[in-house]
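Novice: Below: sequence and its predicted model.
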There are 2 protein chains.
Amino acid sequence: MSGPDYDGLFRKGVPTGTARFTGFPKYNFVGGHNEPRQIPVEALAEAAATALRREGAGLALYNLGQGPQGHQGLRDLVADKLGRHRGVACTRDDVLITSGSLQGLDLVNDLLLEAGDTVLVEELSYGGAISRIRARGVTIVPVALDDQGMRMDALEDALAGLKARGITPKYIYTIPTIQNPTGSILPLDRRHKLLDLARAHGVPVFEDECYADLIWAGNDAPPALYALDPAQVIHIGSFSKTLAPALRSAYAVAPWPVLSRLVSLKTDGGTGAVEQMLVAEYFSKHFDSHVGALSGVLEDKLRCMVEAVEREFGSSVECFVPKGGIFLWLKLPDQVDVRKLVKPAAERGIQFNPGPEWACDPEAARSQLRLCFALPSKEEIREGVAAFARVCFEQTGVPQHSDNRRNN
Amino acid sequence: MSGPDYDGLFRKGVPTGTARFTGFPKYNFVGGHNEPRQIPVEALAEAAATALRREGAGLALYNLGQGPQGHQGLRDLVADKLGRHRGVACTRDDVLITSGSLQGLDLVNDLLLEAGDTVLVEELSYGGAISRIRARGVTIVPVALDDQGMRMDALEDALAGLKARGITPKYIYTIPTIQNPTGSILPLDRRHKLLDLARAHGVPVFEDECYADLIWAGNDAPPALYALDPAQVIHIGSFSKTLAPALRSAYAVAPWPVLSRLVSLKTDGGTGAVEQMLVAEYFSKHFDSHVGALSGVLEDKLRCMVEAVEREFGSSVECFVPKGGIFLWLKLPDQVDVRKLVKPAAERGIQFNPGPEWACDPEAARSQLRLCFALPSKEEIREGVAAFARVCFEQTGVPQHSDNRRNN
């Protein structure tokens, strides 16, 4: 009983199977993991029990009987949070709870994109967004960034160039507030300019604010693009970074003609209700205090990582120090191809995000990489960055010197 | 600021927007809702608090750091439950936790199906499965049912007919244990025959056992098809019906060449971890006792519904009394088109599943319908069925008589 010839039955283009999971590496600098010591375990336990005692019988109904947009209390929380922190005027009726912001990306793409379409994306952007767009056979036109985010001259040129070819892009995907991966915050004047250009060309703005709640003290961001022109913007955000990524709790906010169709396309039977209850219960009391404390811890870890990187890599590295979030973007000398470091680093227990996976033009980011500092302890950051510098030197001869020692 | 011309930007074939949710109807006989009074609220509150205190710090890592197949404790629970109740020998390594069994359907379809393919489906089957297959442009070949489930002569003929045309179907989709919607249990000899045919034709069996844990006492089912030939079968199941549908907790079990690719295709960042913890914690102690008590309550409600239907519809109705589960399948006289009852019933606060949505050939099921008895109270069942009989009489003249009264 050996089973059917599955290989002959799979659809075209199916990915290879995932390897058995064998645990995370010791020095885990990838992805959107958070700080385990900052998970408010006791308060979450109490909030879960409180919410379940109050609302648990509703679990017998799909979506708790509150409709496919999600838990009303959580939608109220999103509206309140966006109002207080991001300048957005909306109500629960404008909010769709999603199973992670990845589902938000999928729904928006499913609404707008088909093979042959074109979208505009910041030249460096979230790898999960880039790969999802590519998988649909959609053309990505990159827009240049600087240390303040998307360059408006570049956007204007890109839109004009497409218009000259008769192409209306389906959206402008932007991460304006703690840009992923460069950590910048788009200034207000550029936000207005971006919206002016989007309106002039009839192109929706797809705003991803997954990190916007985690901003270092003293770095207040301008209002969300959605706050400035709700009709022009599809906005997504998440509680993965402010609370925990294993909780799949995120949201989309959009004009009703868009949102109502995202609801239609969300055919998953609803987002997990217990997690919605839990986030609503905990964050309706503790959002500002938790996020404030977490941001302080993260900023301290960032300082530790920047120090470690500068100590170990010396003048061989350029750090893009972020104004919030959980990751540091680095540039090594041009002769370093970080893709060649993945395997030897893994052999030393080090994992990082290679720049090419976070770039519209992978080759242009061959010497860049992203290190997430939220999960490892400060000791692990120091050890891991030092170990990574040794791997890099062994493979490439860079960094030849560091502040503290000579590698060779 | 009126926004872009979204209608001109949506991809081809996008569904219309969902209407604003205005609450469930008074007599809600649709879908997979459960019995609110049977949600073990206090025990769930305690289980959530216990699990979060023990494992909550792990929420900082995607998938709790336990890999993309899901929570280890929940996978152990699935393996144990399938071993004790469904004759399956498997371990956590064979299990993928999914966000509802709808995600299981989507992943299996995404693995195997492309437009132009053919699948075999029981002539009456789960509406969500049929609509998903249709949406992919896949041809459905129906296989006839009787009161014991799929007819093996019909399956043999269907496979032979396809073979004669050079077509290998991508799978045989079956709900062998509490068939949806007819409530039958496939006998052991048919299970063996089904697998013989599947092997002979090199066709995978896609076994959906969403209701298999809810069987009335005295109606033990034969082993799952997966138990009889794991290499030939992709098996999915769920905790939606045994615990709560708003909890999105389900699973797929399959040979590793299949399962590893389902994992690759599951690009959602993981299923909600708190719900996985909670189900594992609660059901590792209470599965048999909870499901046993729930089944008793459901069987009592079924009796109430059958009595109400027979009282109100008299000889005008044929009941397919199920051996478990949460729904009753009915056949009204041929002249009744239940699709024409949807709107007038809704105006009286009654909602039901029209047969055509649960049929490979909608027209053939025009006089059939499904009533779910898990959510409404017995009083609501009696009132709702009576109200539905009145709507039916007003629209169609049927039922003219009932046991207790004359309608006209």
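Specialist: Yep, it's here. Since this is a predicted model, take the numbers as computed values, not measurements. Numbering: from 1, shown residues only, chains lettered A, B, ... in the order given.
Novice: Could I get the full set of helices for the stretch 51-200 of chain A?
Specialist: A:72-86, A:100-112, A:127-135, A:152-164, A:188-201 (DSSP state H, counting those that start in this stretch).
Novice: Quick one, which of the ones you listed gets closest to B:Val253.
Specialist: Each of the helices of the stretch 51-200 of chain A was scored for nearness to B:Val253 using C-beta to C-beta, and the closest is helix A:100-112 (24.1 Å). The way it works is simple: take the backbone N, C-alpha and C, and place the C-beta from them, glycine included.
Novice: Relative to chain B, which residue of the stretch 51-200 of chain A is the closest?
Specialist: A:Gly67 (2.8 Å; C-beta to the nearest C-beta).
Novice: pLDDT on stretch A:312-326, on average?
Specialist: Across stretch A:312-326, pLDDT averages out at 96.
Novice: Next, the buried residues of it.
Specialist: By neighbour count on 16 or more other C-beta atoms under 10 Å in any protein chain shown, the buried set for stretch A:312-326 is A:312-314, A:316-317, A:319-320, A:322-326.
Novice: Next step: those restricted to helices.
Specialist: Under the assignment DSSP state H, the buried residues of stretch A:312-326 contribute A:312-313 to helices.
Novice: May I see the buried residues of stretch A:312-326 arranged in JSON lines, with distance to chain B as well?
Specialist: Output for these, formatted as JSON lines (distance: C-beta to the nearest C-beta, whole Å):
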{"residue": "A:Glu312", "distance to chain B": "25"}
{"residue": "A:Phe313", "distance to chain B": "27"}
{"residue": "A:Gly314", "distance to chain B": "32"}
{"residue": "A:Ser316", "distance to chain B": "31"}
{"residue": "A:Val317", "distance to chain B": "27"}
{"residue": "A:Cys319", "distance to chain B": "24"}
{"residue": "A:Phe320", "distance to chain B": "24"}
{"residue": "A:Pro322", "distance to chain B": "19"}
{"residue": "A:Lys323", "distance to chain B": "22"}
{"residue": "A:Gly324", "distance to chain B": "18"}
{"residue": "A:Gly325", "distance to chain B": "15"}
{"residue": "A:Ile326", "distance to chain B": "11"}
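Novice: quick one: which of the buried residues of stretch A:312-326 sit in strands?
Specialist: If you go by DSSP state E, those have A:319-320 in strands.
Novice: Give me the distance between the residue nearest to the residue of the stretch 51-200 of chain A closest to chain B when sequence neighbours are not counted and A:Ala158.
Specialist: Among residues not flanking A:Gly67 along the chain, B:Phe21 sits closest, at 2.8 Å (C-beta to C-beta, 6 or more residues apart in numbering or on different chains). Between B:Phe21 and A:Ala158 the distance is 39 Å, computed by C-beta to C-beta, to the nearest Å.
Novice: Looking at the two, which one has more neighbours?
Specialist: When B:Phe21 and A:Ala158 are compared on other C-beta atoms under 10 Å in any protein chain shown, the one with more neighbours turns out to be A:Ala158, at 21 against 14.
Novice: Now do the contacts for that one.
Specialist: A:120, A:141, A:143 (C-beta atoms under 8 Å, 6 or more residues apart in numbering or on different chains).
Novice: want to throw the residues you listed into JSON lines with pLDDT and distance to A:Leu96?
Specialist: Formatted as JSON lines, the contacts of A:Ala158 follow (pLDDT from 0 to 100; distance: C-beta to C-beta, whole Å):
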{"residue": "A:Leu120", "pLDDT": "98", "distance to A:Leu96": "24"}
{"residue": "A:Val141", "pLDDT": "98", "distance to A:Leu96": "28"}
{"residue": "A:Val143", "pLDDT": "98", "distance to A:Leu96": "27"}
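Novice: and these as TSV, adding neighbour count?
Specialist: Converted to TSV, the contacts of A:Ala158 look like this (neighbours: other C-beta atoms under 10 Å in any protein chain shown):
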residue	neighbour count
A:Leu120	26
A:Val141	18
A:Val143	26
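Novice: Okay, and which of these map to strands?
Specialist: Reading strands off these with DSSP E, I get A:120, A:141, A:143.
Novice: JSON lines for these, including distance to A:Lys81?
Specialist: Output for the ones in strands among the contacts of A:Ala158, formatted as JSON lines (distance: C-beta to C-beta, whole Å):
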{"residue": "A:Leu120", "distance to A:Lys81": "28"}
{"residue": "A:Val141", "distance to A:Lys81": "33"}
{"residue": "A:Val143", "distance to A:Lys81": "28"}
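Novice: Same list (these) but as a markdown table, adding distance to chain B.
Specialist: What follows is the ones in strands among the contacts of A:Ala158, written out as a markdown table (distance: C-beta to the nearest C-beta, whole Å):
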| residue | distance to chain B |
| --- | --- |
| A:Leu120 | 14 |
| A:Val141 | 16 |
| A:Val143 | 18 |
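Novice: for the closest residue to chain B within the stretch 251-400 of chain A, what are its contacts?
Specialist: Closest to chain B within the stretch 251-400 of chain A is A:Ser260: 2.8 Å, counting by C-beta to the nearest C-beta. Counting by C-beta under 8 Å, 6+ apart, A:Ser260 touches B:17-19.
Novice: just to revisit the earlier point, the residue of the stretch 51-200 of chain A closest to chain B: neighbouring residues, count only.
Specialist: If we define neighbours as other C-beta under 10 Å, then A:Gly67 has 19 of them.
Novice: beta partners for A:Thr118?
Specialist: A:Thr139 (DSSP bridges).
Novice: circling back: can you tell me which of the contacts of A:Ser260 lies closest to B:Ser238?
Specialist: Closest to B:Ser238, out of all of the contacts of A:Ser260 and judged by C-beta to C-beta, is B:Thr18, at 23.6 Å.
Novice: what's near enough to touch the closest one?
Specialist: B:Thr18 neighbours (C-beta under 8 Å, 6+ apart): A:68, A:260-261, A:263-264.
Novice: Next, the angle from the helix or strand hosting A:Ala45 to helix A:72-86.
Specialist: In this structure, A:Ala45 sits in helix A:41-55 according to DSSP states H and E. If you take axes from the mean of the first three to the mean of the last three C-alpha atoms, to 10 degrees, helix A:41-55 sits at 130 degrees to helix A:72-86.
Novice: can I assume A:Arg303 sits in a helix?
Specialist: Yes. Applying DSSP: H, G, I helix; E, B strand; the rest coil, one finds A:Arg303 inside a helix.
Novice: Check what pLDDT it gets.
Specialist: For A:Arg303, pLDDT reads 98.
Novice: count of residues packed around it?
Specialist: The number of residues near A:Arg303, taken as other C-beta under 10 Å, comes to 13.
Novice: taking the mean pLDDT, what do you get for the helix holding A:Ala45?
Specialist: 98.
Novice: Can you list the buried residues in it?
Specialist: Taking 16+ other C-beta under 10 Å as the criterion, helix A:41-55 shows A:41, A:43-52, A:55 as buried.
Novice: Contacts for it, please.
Specialist: By C-beta under 8 Å, 6+ apart, helix A:41-55 touches A:64, A:274, A:277-278, A:280-282, A:285-286, B:41-42, B:44-46, B:48-50, B:52-53, B:56-57, B:59, B:274, B:278.
Novice: check contacts around A:Val121.
Specialist: Counted by C-beta under 8 Å, 6+ apart, A:Val121 has contacts A:129-130, A:133, A:140-143, A:173, A:360.
Novice: what do you get if the cut-off is 7 Å, keeping everything else the same?
Specialist: By C-beta atoms under 7 Å, 6 or more residues apart in numbering or on different chains, the residues touching A:Val121 are A:130, A:140, A:142-143, A:173, A:360.
Novice: Repeat that for A:Ala386.
Specialist: A:308, A:312.
Novice: Could you say which helix or strand holds it?
Specialist: helix A:378-396.
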